[in-house]
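1. attaching a predicted model along with its sequence, questions to come.
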Amino acid sequence: MAGKGGGAWKVAYADFVTAMMAFFLVMWIVGQDQKIRRSVSEYFSDPMGTESSGPSKKPTRTGSSYESISSGKVPLEENVSMGRGRSPFTQKRKSSGVTKLVNDWIRDDKQLSDYWMKQAQHQREAARWSKSVKDGTTTLEKEAARLLLTQLKDEFKRDIPAKTKGMYRDILEETFLDVHWEEIAEDLIDQP
């Protein structure tokens, strides 16, 4: 039989390889974070990334097949993804969701943002007169960020309600350990 043709195994093998590719694709997607899974889901729902309302089609998300900028589902997403970003003084660490929440909270509350921008300016002035800046062992920005991060940690921890006790206080204090205060301080110091 082997010498007389019989290519049915090729079809079965092709089906097997296709099934394995689909299996590994699903396994890869399952292992990804929520943002990537949502992005893959949106792609398969609408590969062109367009909104077909009316005669013209316009992109609904960044990364679609059209070259125009559109606002994403996350508030101010385009500002973050299209901005130059900042270059931190500290080592690159795994990003922290809690850090982003605190940073966004400071930025979104006008009164709080103004307060911390003034504090950053005060710490920049204080750093200017610091011994380590004068003798050149550290830069003005690093020293100002160090002073500001100490103030940030102290004030945020102090604002935990005194009546919070037991497990809830422990959870709050543990969450504060996950905040990268250096990043927030550096970001505030970098603002003009």
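-> Cool, the structure landed. Residues are numbered from 1 along each chain as shown.
2. every contact and neighbour count from this point should use C-alpha atoms.
-> OK.
3. which residue packs closest to Leu172, ignoring adjacent ones?
-> Closest residue to Leu172 in three dimensions, ignoring its sequence neighbours and counting by CA to CA, 6 or more residues apart in numbering: Ile160, at 8.0 Å.
4. that neighbour: how many residues sit nearby?
-> Using other CA atoms under 10 Å, Ile160 has 12 neighbouring residues.
5. cool, Ser130 as well?
-> A count of nearby residues for Ser130, using other CA under 10 Å, gives 15.
6. give me the pLDDT for it.
-> If you check Ser130, the pLDDT there is 83.
7. show me what the helix ranked longest in the chain is packed against.
-> What stands out as the longest helix in the chain, according to DSSP state H, is helix 8-30. Helices and strands touching helix 8-30, by 3 or more CA pairs under 8 Å, 6 or more residues apart in numbering; DSSP states H and E, are helix 34-45.
8. what residues of the longest helix of the chain count as buried?
-> Ile29 (16 or more other CA atoms under 10 Å).
9. put the alpha carbons of that helix into PDB.
-> Provided in PDB are the C-alpha atoms of helix 8-30 (Å, rounded to 0.1, in the frame of the first residue of the first chain):
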ATOM      1  CA  ALA A   8      -4.500  10.300   3.400                       C
ATOM      2  CA  TRP A   9      -1.900  10.600   6.200                       C
ATOM      3  CA  LYS A  10      -0.900  14.000   4.800                       C
ATOM      4  CA  VAL A  11      -4.400  15.400   5.400                       C
ATOM      5  CA  ALA A  12      -4.500  13.900   8.900                       C
ATOM      6  CA  TYR A  13      -1.100  15.300   9.700                       C
ATOM      7  CA  ALA A  14      -2.000  18.800   8.400                       C
ATOM      8  CA  ASP A  15      -5.100  18.700  10.600                       C
ATOM      9  CA  PHE A  16      -3.000  17.600  13.600                       C
ATOM     10  CA  VAL A  17      -0.500  20.500  13.100                       C
ATOM     11  CA  THR A  18      -3.300  23.000  12.700                       C
ATOM     12  CA  ALA A  19      -4.900  21.800  15.900                       C
ATOM     13  CA  MET A  20      -1.600  22.000  17.800                       C
ATOM     14  CA  MET A  21      -1.000  25.500  16.500                       C
ATOM     15  CA  ALA A  22      -4.500  26.500  17.800                       C
ATOM     16  CA  PHE A  23      -3.800  24.800  21.100                       C
ATOM     17  CA  PHE A  24      -0.500  26.600  21.600                       C
ATOM     18  CA  LEU A  25      -2.100  29.900  20.600                       C
ATOM     19  CA  VAL A  26      -4.900  29.400  23.200                       C
ATOM     20  CA  MET A  27      -2.300  28.400  25.900                       C
ATOM     21  CA  TRP A  28      -0.200  31.500  25.100                       C
ATOM     22  CA  ILE A  29      -3.300  33.800  25.400                       C
ATOM     23  CA  VAL A  30      -4.400  32.200  28.700                       C
END
